[in-house]
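K.L.:
Using only what follows, build the 3D model:
(one chain, ligands or ions: 1)
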Amino acid sequence: MSSVVIVGAQWGDEGKGKIVDIYMEFADVVVRYAGGPNAGHTLVVGDEKIVVRLLPSGILRERTHCILGQGMVIDTEVLLGEIDELHRRGHSNLEARLSLSDRAHLILPYHVLIDTLREGSAPADKALGTTKKGIGPAYEDKVKRVGVRCGDLRDLKAMSARIAYAMAAWEPTVRALGGELPSLQSVMAKLEAHAARIVPMLAHTSELVDDAIKAGKRVMLEGAQGTLLDIDHGTYPFVTSSSAGAGGAASGAGIGPNRIGTVIGITKAYTTRVGTGPFPTELDDSDGKHLREVGAEFGSVTGRPRRTGWLDLPGLRYASRVNGIDGLALTKLDVLTGMERIRVCVAYDTPQGRVTSLPIDQLDPPGQITPVYVEMPGWKERLEGVRVLDDLPANARAYVRFIEEQAGAPVYLVSVGPRRSETIMLHNPFVGRAAAP
Ligand code: IMP
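P.N.:
Here you go, the predicted structure:
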C-alpha cells in the first residue's frame, strides 16, 4: 500500500525533517498527525536552512499536498507566521497546497500561559521541561471536552462562548499559579484577525487522506516528537501529550489502521533527549560533549542544549515493537566519526534481572538499572561523501549491521550528513527498491 508512516523511535529530534523531505520526493500527500509547534523540523535545501514547527516538512515541494491532521493542536499565530516567513523567502503557492483539519484543536493564549506558569513553578523533580508552547493544556482541554477546534473559527460568536467557558474553568489554576488570564476580548480579537486566512484552508482532512490512499496516491504520514515521548508508550510522566507513535497516525490522520502500508522508524546512531526524565545511557563526559558539539545538538524550538548518550537498544527494540517498525532510517552516523570507540547499550541490568526491551518507566523500581554495553571500534574517515553501504569504513558498516541485527528491523536508509544528498538509500517503500535521494 502506498502510505508510509515516519515515526521517531527515540525521544524526538531523530532527524525526521530530513528523512521526510527525502521520501517526499516520491510522495503526493504529506500529513502531520500529532503534536503541534513543540516540534521543530530543520530542513536543509541547498544552503538554505529552515525550521518549521507546524507545517509538514513536505511544504517545500511544489507539487505536494500538505495536511495538518485532526490529531494535532494548532496555534494559528505560529501557523500564519510560518506561512508568511516562507512567502518572504520566496516560496509561493503555499495556502493552495495546505489543508487544515477542522477537527484539530486550537492552542489559545491561555494554554501557553498555563504551560509557562506551571513549568516555572513546578519543583525540580516534577517539572517536565516542556517546550512551553501550550501543548499540554490544549490537549487537556480536548480531553476535558471543553476544547476549541479549528472548525469553530467558522462561527466566531459560538466560539467566543466556548472560549469563555474553557477560560472560566482555568481561572482558579491560573490564579493559584500567580498569573492572570488574558481577556476574552483580546483572545477573540486575535482569532478574528486569523479566521479570514485560516477558514479557507479548513477541510474534512480524514476524507482527503482516505481518498488519496484509495486513489493510489503516495501518502506520507509524518510523526513529530518520538515514541518515548508518546503519551501512552513513552517514559511517563516525562512525555508529551499526544499519540506520537505510529498508532497515533491512524487516529490523528483520521484513517483506518489497515490503510497504513509501511512504518519507518527513525533513530539517531546515538541518543539525545531534551527536557527532564530518565535517560539510561546519558553521558556527562567528553564523549557526550563530542556528540553535542559535532551533532549540533541544541533544540530547534527552544535552543536548549540536548542531553546526549549512547544508542539504547532496549528502547529501540521497544519502539520497534509498539510501532510495528518495518525498516529503520539511521541518522547522524557521521557524528560518530573520530570517536576512538563506540558503545551501544544492549540491555539493562535491574534488581529483577536483565531486560532487553522496555522503556525505563516500566521497570520496577524505575531508575535502578545499569546499562549493559557492547563496545565497538570507531573510525576516522569522514562519511559525508559515501553513497553506498559498501563504501563505508568497515567499522562504520559493522556498526550499522549490528544495529539492524539487534533492533530486529532492516536499515532502509543511513544519513551521513545534514544535506539531502548525504544519504545512503537502501530501500524506498514508495518505489520498492533503492532510489537515489
Ligand atoms: P511538550 O510537548 O512541550 O508538552 O513537552 C513535553 C516533553 O516533550 C518535554 O520533555 C519536551 O522537551 C519534549 N518534547 C516536545 N516536543 C519535542 C520535540 O519535538 N523534540 C524533542 N523533545 C520534545
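K.L.:
Please list all residues in contact with the residue positioned nearest the centre of the chain.
P.N.:
What sits nearest the mean C-alpha location of the chain, by Cα atoms, centre = their mean, is residue 224, with 2.0 Å. By Cβ atoms under 8 Å, 6 or more residues apart in numbering, residue 224 lies in contact with 8, 12, 16, 32, 34, 35, 38, 39, 41, 242, 244. Every C-beta, even on glycine, is put in place using the N, C-alpha and C of the backbone.
K.L.:
Farthest-apart pair in the residues you listed, please.
P.N.:
41 and 242 (15.6 Å; Cβ to Cβ).
K.L.:
which ones among the contacts of residue 224 come in contact with the ligand?
P.N.:
When contact is defined as Cβ under 6 Å from any ligand atom, the contacts of residue 224 meet the ligand at 12, 38, 39.
K.L.:
Could you verify my assumption that the first one touches residue 271?
P.N.:
Right, the one you point to is residue 12. No - contact criterion Cβ atoms under 8 Å: residue 12 and residue 271 do not qualify, at 11.0 Å.
K.L.:
before we move on, back to that, what about the residue nearest to the centre of the chain, distance to residue 233?
P.N.:
Counting by Cβ to Cβ, to the nearest Å, the gap between residue 224 and residue 233 amounts to 14 Å.
K.L.:
burial measure for residue 203, as a count.
P.N.:
Neighbourhood size, residue 203 [other Cβ atoms under 10 Å]: 17.
K.L.:
And residue 345, by the same measure?
P.N.:
22.
K.L.:
Would you mark the buried spots in the helix or strand where it lies?
P.N.:
Assigned by DSSP states H and E, residue 345 belongs to strand 341-350. Buried residues in strand 341-350, counting neighbours by 16 or more other Cβ atoms under 10 Å, are found at 342, 343, 344, 345, 346, 347, 348, 350.
K.L.:
quick one: it to chain centroid distance?
P.N.:
Counting by Cα atoms, centre = their mean, to the nearest Å, strand 341-350 is centred 25 Å from the centre of its parent chain.
K.L.:
And for stretch 207-215?
P.N.:
When C-alpha coordinates are averaged (Cα atoms, centre = their mean), stretch 207-215 and its chain have centres 23 Å apart.
K.L.:
which residues touch whatever residue of the stretch 201-350 of the chain ends up closest to the ligand?
P.N.:
Of all residues in the stretch 201-350 of the chain, residue 275 sits closest to the ligand, at 2.1 Å by Cβ to the nearest ligand atom. Residues near residue 275 by Cβ under 8 Å, 6+ apart: 128, 129, 130, 131, 238.
K.L.:
Sort out which of those residues are in strands and list them.
P.N.:
Of these, none are assigned to strands by DSSP state E.
K.L.:
Name the nearest residue to residue 277, sequence neighbours excluded.
P.N.:
In this structure, residue 277 finds its nearest non-sequential neighbour in residue 238, 2.6 Å apart by Cβ to Cβ, 6 or more residues apart in numbering.
K.L.:
Angles on the backbone of that neighbour, please.
P.N.:
phi -90, psi 70 (degrees, to the nearest 10).
K.L.:
Surely it touches residue 276?
P.N.:
Yes - counting by Cβ under 8 Å, residue 276 is a contact partner of residue 238 at 5.8 Å.
K.L.:
Of these two, give the one with the bigger neighbour count.
P.N.:
Taking other Cβ under 10 Å, residue 238 and residue 276 do not tie; residue 238 has more neighbours (21 against 17).
K.L.:
And the pLDDT for that one?
P.N.:
pLDDT for residue 238: 93.
K.L.:
repeat for the one 10 residues further on
P.N.:
According to the predicted model, the pLDDT of residue 248 comes to 98.
K.L.:
which among the ones next to the ligand among the contacts of residue 224 end up buried?
P.N.:
The buried subset of these (16+ other Cβ under 10 Å) comprises 12, 38, 39.
K.L.:
what would these look like in JSON lines with secondary structure and pLDDT?
P.N.:
What follows is these, written out as JSON lines (DSSP: H, G, I helix; E, B strand; the rest coil; pLDDT from 0 to 100):
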{"residue": "12", "secondary structure": "coil", "pLDDT": "94"}
{"residue": "38", "secondary structure": "coil", "pLDDT": "93"}
{"residue": "39", "secondary structure": "coil", "pLDDT": "88"}
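K.L.:
Send me stretch 96-110 as PDB with only the CA atoms.
P.N.:
What follows is the C-alpha trace of stretch 96-110 in PDB, where atoms were taken according to Å, rounded to 0.1, in the frame of the first residue of the first chain:
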ATOM      1  CA  ALA A  96      -3.400  26.300  -2.000                       C
ATOM      2  CA  ARG A  97      -1.400  23.200  -1.100                       C
ATOM      3  CA  LEU A  98      -2.300  23.200   2.600                       C
ATOM      4  CA  SER A  99      -5.400  21.700   4.200                       C
ATOM      5  CA  LEU A 100      -6.100  22.000   7.900                       C
ATOM      6  CA  SER A 101      -8.400  19.600   9.700                       C
ATOM      7  CA  ASP A 102     -11.500  21.300  11.100                       C
ATOM      8  CA  ARG A 103     -11.200  18.800  14.000                       C
ATOM      9  CA  ALA A 104      -7.700  19.800  15.100                       C
ATOM     10  CA  HIS A 105      -7.800  21.600  18.400                       C
ATOM     11  CA  LEU A 106      -6.600  25.200  18.800                       C
ATOM     12  CA  ILE A 107      -3.800  26.300  21.100                       C
ATOM     13  CA  LEU A 108      -5.000  29.500  22.600                       C
ATOM     14  CA  PRO A 109      -3.000  32.200  24.500                       C
ATOM     15  CA  TYR A 110      -4.200  30.900  27.900                       C
END
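K.L.:
Does it reach the ligand?
P.N.:
No - with Cβ under 6 Å from any ligand atom as the criterion, the ligand is not reached by stretch 96-110; the gap is at least 10.5 Å.
K.L.:
cool, stretch 328-346 as well?
P.N.:
No - using Cβ under 6 Å from any ligand atom, stretch 328-346 never reaches the ligand; the gap is at least 13.6 Å.
K.L.:
How far away from the center of its chain is that stretch?
P.N.:
Relative to its parent chain, stretch 328-346 has a centroid offset of 21 Å by Cα atoms, centre = their mean.
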